[in-house]
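**Q** here is my input, please return the structure:
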Amino acid sequence: MIKNILIAFGIITFPICAAYQCAAADDYAIAERYKGPDGGYDYISIDPVTRRIFVGREYGVLAIDLKTNTVIPKLMEANDVAAVLIIPESELMLSTIWGDNHAALFNRHTGEIIATIPTGKEPDGALYDKTSGLVFVMNGASEDVTVIDIHRREVIKTIPMGGKPEAATSDGKGRVYINIEDTAEIAVIDVKTLSVQARFHMPGCIEPTGIAYDDVTGLLISACHNGMAKLTKAENGMDKGYVSIGKNADGAIFDPIRRLVYISCMDSY
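**A** You can find the predicted model right below:
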């Protein structure tokens with residue numbers, strides 16, 4: 001179990017370069033440690049406006065105020081929180097409640113729950129798509145995706161995935177890309193029709209989890225449990241090879257400024 005929440009923690013970084021100067025990776029170190037209650041944690045998000053960190057915990061949502069270095073152990077209480085998804089241009093956050101098969105929409109400043117929205121079984125990752133304004137929730141046990149209209153605060157569609165959906169990303173142009181863990185493929189959803197438009201197979205990848213997108217190169221970067229980050233062309237699913245990383249990778253994010261991909265791995269310390 002994790003006993004401390006870290007601003008920086010075991011990560012693998014590597015550059016995504018095209019025909020231009022690619023920024024070199026900086027040296028990284030732990031900047032600060034914040035003590036929180038014992039127990040596991042899941043997704044993490046940062047609000048750059050209010051300078052708050054949010055962490056999904058097995059008992060609810062933990063928040064850290066970076067302006068005052070204050071830890072709020074239980075901003076919102078719930079049974080096993082996974083995602084802590086910030087809804088842009090609002091005071092809202094959506095968390096997937098893995099233990100109770102629903103999503104909670106709440107005020108991320110006060111923790112007040114505004115709506116409880118049913119999902120599939122064992123909801124995990126969640127993605128806000130800025131093109132459609134919809135939230136996509138990945139349900140591991142029921143192997144489907146719940147699509148939520150935030151303004152109406154209701155489910156508008158459930159999309160079967162044909163496998164266990166993990167993390168998701170979007171290209172901002174009408175496509176959502178979801179790693180399917182047990183089939184090692186990327187399912188492509190058209191946000192207009194809310195249906196699976198294509199499936200990209202990832203040879204050599206075992207159990208893809210985190211996924212990131214670079215809109216300059218048009219590459220999808222999938223973190224695989226067997227020590228590789230698989231590179232796939234988002235436009236057509238073309239296999240662009242892989243980069244060796246640590247084992248048992250989980251989350252993946254892309255920094256467009258430094259042009260680095262960050263992937264958390266169990267053996268990367």
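**Q** in the protein, where is pLDDT below threshold?
**A** Within the chain, the set of residues satisfying pLDDT under 70 comprises 1-26, 268-269.
**Q** mind listing what the closest residue to Ala252 other than its chain neighbours touches?
**A** Leaving out its chain neighbours, the residue that sits closest to Ala252 by Cβ to Cβ, 6 or more residues apart in numbering is Gly210, at 3.2 Å. Just so you know, the C-beta spots here come from the backbone N, C-alpha and C atoms, and that holds for glycine as well. For Gly210, the residues meeting the contact criterion (Cβ atoms under 8 Å, 6 or more residues apart in numbering) are 166-167, 179, 222-223, 249-253, 263-264.
**Q** could you do Asp267 as well?
**A** The neighbours of Asp267, taking Cβ under 8 Å, 6+ apart as the test, are 246-248.
**Q** what about those residues, which one has the most neighbours?
**A** Counting neighbours by other Cβ atoms under 10 Å, Gly246 leads the contacts of Asp267 with 19 neighbours.
**Q** if we can go back for a sec, with Ala229 as the reference, measure out to the residue nearest to Ala252.
**A** With distances defined as Cβ to Cβ, to the nearest Å, the gap from Gly210 to Ala229 amounts to 9 Å.
**Q** joint contacts of those two?
**A** Shared contacts of Gly210 and Ala229, defined by Cβ under 8 Å, 6+ apart, are found at 222-223, 249, 252, 263.
**Q** out of those, who's nearest Ile86?
**A** Ala252 (17.8 Å; Cβ to Cβ).
**Q** hmm, the closest one is touching Ala212, no?
**A** Yes: taking Cβ atoms under 8 Å as the definition, Ala252 is a contact partner of Ala212 at 4.5 Å.
**Q** more neighbours, these two?
**A** Under the criterion of other Cβ under 10 Å, the comparison of Ala252 against Ala212 puts Ala252 first, with 26 against 22.
**Q** could I get the contacts of Gly210 as a markdown table with secondary structure?
**A** As requested, the contacts of Gly210 are exported to a markdown table (DSSP: H, G, I helix; E, B strand; the rest coil):
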| residue | secondary structure |
| --- | --- |
| Glu166 | strand |
| Ala167 | strand |
| Asn179 | strand |
| Ser222 | strand |
| Ala223 | strand |
| Ala249 | coil |
| Asp250 | coil |
| Gly251 | coil |
| Ala252 | strand |
| Ile253 | strand |
| Ile263 | strand |
| Ser264 | strand |
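**Q** from those, which is closest to Gly120?
**A** Glu166 (13.8 Å).
**Q** how much space separates the closest one from Asp215?
**A** Using Cβ to Cβ, one obtains 21 Å as the distance from Glu166 to Asp215.
**Q** which one of those two is surrounded by more residues?
**A** In this view Glu166 and Asp215 are compared by other Cβ under 10 Å, and Glu166 has more residues nearby, 22 against 12.
**Q** ok so, going back, okay, now the sheet partners of the helix or strand hosting the residue nearest to Ala252, with direction.
**A** Under the assignment given by DSSP states H and E, the secondary-structure element containing Gly210 is strand 208-214. Paired with strand 208-214 in the same sheet, following DSSP bridges, are strand 219-224 (antiparallel).
**Q** mind listing the strands the helix or strand that the strand it pairs with is followed by pairs with, and their directions?
**A** Moving toward the C-terminus from strand 219-224, the next helix or strand (DSSP H and E) is strand 228-233. For strand 228-233, the paired strands and their directions (DSSP bridges) are strand 219-224 (antiparallel), strand 239-244 (antiparallel).
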